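S.K.: What follows is a predicted protein model with its sequence.
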Amino acid sequence: MVSLKRLVCAAVAMLAISTLARAEEGFPFGSEMTLEALPQPGSKRIPNIEIGDHGEVLLELWCKGGKGQFSVAGNTVIFVPGLIQDRNCPPGRAQADDDLVAALSSVETWKRQGDVLTLIGPKPLRFRTTGN
């Protein structure tokens, strides 16, 4: 017969494992992530975002860079861009950067599976945690 002590230990272990799994699937505050995309012609650069602990964002796009802010409540997310620096970008990269900022600004929800964050809106965006 299984003792009460064993049942309690098993229940505590299962609760700890499920809590850890949920924490790994939470919004990736305090992370650096790279967009799953190909570089623009003539460049090796791929956009990345650095998300601070309070949702503040540093953006490095194909050419431009800037700041923004994520606000997260449950699976709802809002991105508000801040000042974006032009950096004398070629027209094609400048347009790609503007399109990416517009896509980020139109996201509505998010989901995370392991090291992949998907921002869901009219144009879904997938970011992968940058390994250190």
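M.R.: In hand now; what should we look at?

S.K.: Low-confidence stretches in this protein?
M.R.: 1-24, 132 (pLDDT under 70).

S.K.: now the helices: where do they sit in this structure?
M.R.: Using DSSP state H, the helices assigned to the chain run over residues 4-24, 91-105.

S.K.: Could you check the last one and say which residues are buried?
M.R.: If you call a residue buried by 16 or more other CB atoms under 10 Å, then helix 91-105 has these buried ones: 93, 94, 96, 97, 100, 101, 103, 104. (Glycine included, C-beta is placed from N, CA and C.)

S.K.: Over to stretch 73-82?
M.R.: Those would be 77, 79, for stretch 73-82 by 16+ other CB under 10 Å.

S.K.: Start the count at 43 instead of 1 going forward.
M.R.: Done: numbering now begins at 43, and the last item shifts to stretch 115-124.

S.K.: which ones are touching the residue nearest in space to the middle of the chain?
M.R.: Centroid-nearest residue in the chain: residue 159, 4.9 Å away (criterion: CA atoms, centre = their mean). Residue 159 makes contacts with 69, 70, 75, 152, 153, 168, 169, 170, 171, as judged by CB atoms under 8 Å, 6 or more residues apart in numbering.
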